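Participant: Got a sequence here, can you model it:
(chains A, B and C)
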Amino acid sequence: MTVDIMWKKLPIKPIEVSLNKVLRCGQTFRWKNVNNTWSFTTQDRIVLLKQFEDHIQYSWIMLEGQPKDVPHSQLEKETTSFIEDYFNLEVNLESLYKNWIKADLLYKKKKTPFQKFPGIRILRQDPWETLISFICSSNNNVKRISKMCDSLVNEFGEYINEYEGIKYYSFPNFQSLAKPGVESKLRDLGFGYRAKYIYQTALKFLDNEKYPDITIEKLNDLRLQDYETAHDFLLQLTGVGPKVADCICLMALDKHDIVPIDTHVYQIAVRDYKFKGSKTMNKQVYHQIRVFFKEIFGPYAGWAQSVLFTSDLGDLNNGINKVEVIKGEEETIKVENKRGILRTL
DNA sequence: TTTAGACCTGCCCAG
DNA sequence: AGTGACAGGTCTAAC
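Facilitator: Residues are numbered from 1 along each chain as shown, chains lettered A, B, ... in the order given. Modelled structure (predicted):
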């Protein structure tokens, strides 16, 4: 079945959003790059994005079997609303960068990462998806996390539709991840010990008797609560420690000033900002570094941190999300790996 | 209250 | 080609 795709324009420059960076720097693990078009699923559609020098083009493919009587203009409006919300577009990134560069040059003589890597912003992702994705992230690398998230939607999500011969599924809700047998299925899919964490966390959301406080409504409501409340709530969940909780606070719950401290950021603090602290990471050092970065970069310190992190990451082409569909006599799917070698699936 | 080990998997990269 | 360390940590069990 061929679907006509109509492209619309949004006047967004790369300096405000760099799709290649933002969608591959370890905030989200679910966007696929198919023939230079970025694709993602919400609960009811595939969203498509394409970046150009002075704008971004977008389109969408609705859930298969949707009633056709919804006006095109409404679907378009819904899609733009999603994009504006998801990319936090009301935040002017360019002006934030200007302040960060000023602050950063106090520590550096050369160019700062903010001059070298424009367009990196924090996304406003769905709290449940962010929670599960970052449970997967513990002691793990971006490539495998992406693969795991892909398995998760393909195995437990709802079918949405097809694009370029690839089937797309929605991110699974807590009910589908709390079903019996999910843990061992996740083990089979290569989740390792995180299989248990995901299943247990989903169970806590399901079991209202035992955990009346743990509901999706409360999780989503954390966007309106203060940081401590959100952080404490998240720590109740299995597989969520301080680092993962902070990632969720920053990337889903509007806590823009929160800097998640991992081994990477710790290195950056010591190496580039002459942070002096103990060699081992403990709760105190964790807090110290967070405050340290917040004092340098201000209320959007978490956003600044993601630029530093990305610049330190080096190679963003982690391979898993780059797909090239070549149409011939038979459709073949080729995946470009990190070294740029194509292998046929 | 604070601090080592164990924990799954896979892929990058020295010996 | 074949091992080993390591990857945006968390949990658990003892000091």
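Participant: so A:Gln175 makes contact with A:Ile216?
Facilitator: No. Using C-beta atoms under 8 Å, A:Gln175 is not in contact with A:Ile216; the gap is 9.9 Å. Quick note: C-beta positions are derived from backbone N, CA and C, even for glycine.
Participant: Around A:Glu155, count how many other residues there are.
Facilitator: Counted with other C-beta atoms under 10 Å, the neighbours of A:Glu155 add up to 16.
Participant: what does A:Lys110 give?
Facilitator: Neighbours around A:Lys110, by other C-beta under 10 Å: 7.
Participant: Need the three-state assignment for it.
Facilitator: Classification of A:Lys110 using DSSP: H, G, I helix; E, B strand; the rest coil returns coil.
Participant: Name all residues that make contact with it.
Facilitator: Neighbouring residues of A:Lys110 by C-beta atoms under 8 Å, 6 or more residues apart in numbering: there are none.
Participant: redo that, cut-off 10 Å
Facilitator: A:Lys116 (C-beta atoms under 10 Å, 6 or more residues apart in numbering).
Participant: For A:Lys116, see how far away it is.
Facilitator: 10 Å (C-beta to C-beta, to the nearest Å).
Participant: one step back: so what sits against both of A:Gln175 and A:Ile216?
Facilitator: Counting by C-beta under 10 Å, 6+ apart, the shared contacts of A:Gln175 and A:Ile216 are A:Phe205.
Participant: So is stretch A:189-209 next to DNA strand B?
Facilitator: Yes. Contact of stretch A:189-209 with DNA strand B is found when judged by C-beta under 7 Å from any atom of the strand, involving A:Gly190, A:Phe191, A:Gly192, A:Tyr193, A:Arg194, A:Lys196.
Participant: Look at A:Asn92 and say how many residues are nearby.
Facilitator: A count of nearby residues for A:Asn92, using other C-beta under 10 Å, gives 10.
Participant: Please give the number of neighbouring residues around the residue nearest to it when sequence neighbours are not counted.
Facilitator: Nearest non-adjacent residue to A:Asn92, counting by C-beta to C-beta, 6 or more residues apart in numbering: A:Glu16, 7.7 Å away. A:Glu16 has 18 neighbours, counted by other C-beta under 10 Å.
Participant: Pretty sure A:Glu16 sits against A:Gly119.
Facilitator: Yes. A:Glu16 lies in contact with A:Gly119 (C-beta atoms under 10 Å); the separation is 6.4 Å.
Participant: From A:Lys204, how far out is A:Pro299?
Facilitator: The value you get for A:Pro299 to A:Lys204, if C-beta to C-beta is used, is 32 Å.
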